[in-house]
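Okay, sequence plus prediction incoming.
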Amino acid sequence: MPNRAYVSVADPSAFAGTVAAKYLENGGESKSIRGIVENLLSQQLQFFQLMRGYLALGLVVGIAGIGVVMVRAVRERRRQVGILRALGFEARAVRRAFVVEVAFVALEGC
């Protein structure tokens, strides 16, 4: 079991460097508590940034997927849209129907 000593000093980084240099031959090691916490915190922040990147990539792929599905739906239903327009439906009503479908597909995806 290694010996530990906690020391309060004005400049922890300078003290840690001095002690480490002086007792290196005997296996001495010194770290400031602030340095340890900053190291662990930086690792956690890097992990969260990685997860944020994956989330953003998933969001972009999802939006692209919805776009592809909707373009395909409109192209496959070209006749239906033409018939609805010929029957007197306004373009806004047809557009609204496709927007409702997009919302439903997105809701199912979520």
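Okay, I see it. Residues are numbered from 1 along each chain as shown.

where do the helices sit along the protein?
Along the chain, the segments classed as helices by DSSP state H run 12-22, 33-76, 78-86, 91-109.

what residue ranges in the chain are flagged as low confidence?
Along the chain, the parts satisfying pLDDT under 70 run over 1-2.

Number of residues surrounding Val105?
Neighbourhood size, Val105 [other C-beta atoms under 10 Å]: 15. Placement of C-beta: from N, CA and C, glycine included.

my guess is it contacts Val69, does it?
Yes: under the criterion of C-beta atoms under 8 Å, Val105 makes contact with Val69 at 6.1 Å.

what sits in contact with each of those two?
Residues within reach of Val105 and of Val69 at once, by C-beta atoms under 8 Å, 6 or more residues apart in numbering: there are none.

Switch the helices of the chain over to TSV; also include distance to Ala5.
Listed next are the helices of the chain as TSV, based on distance: least, C-beta to C-beta, whole Å:
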stretch	distance to Ala5
helix 12-22	9
helix 33-76	12
helix 78-86	79
helix 91-109	57
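
Quickly compare the ones you listed and say which is most buried.
helix 12-22 (a mean of 14; mean count of other C-beta atoms under 10 Å).

Centre of the chain to it, how far?
The chain centroid and the centroid of helix 12-22 are separated by 38 Å, computed with C-alpha atoms, centre = their mean, to the nearest Å.

Show the contacting residues for Glu29.
Here Glu29 is in contact with Ala20 (C-beta under 8 Å, 6+ apart).

This completes my enquiry, with thanks.
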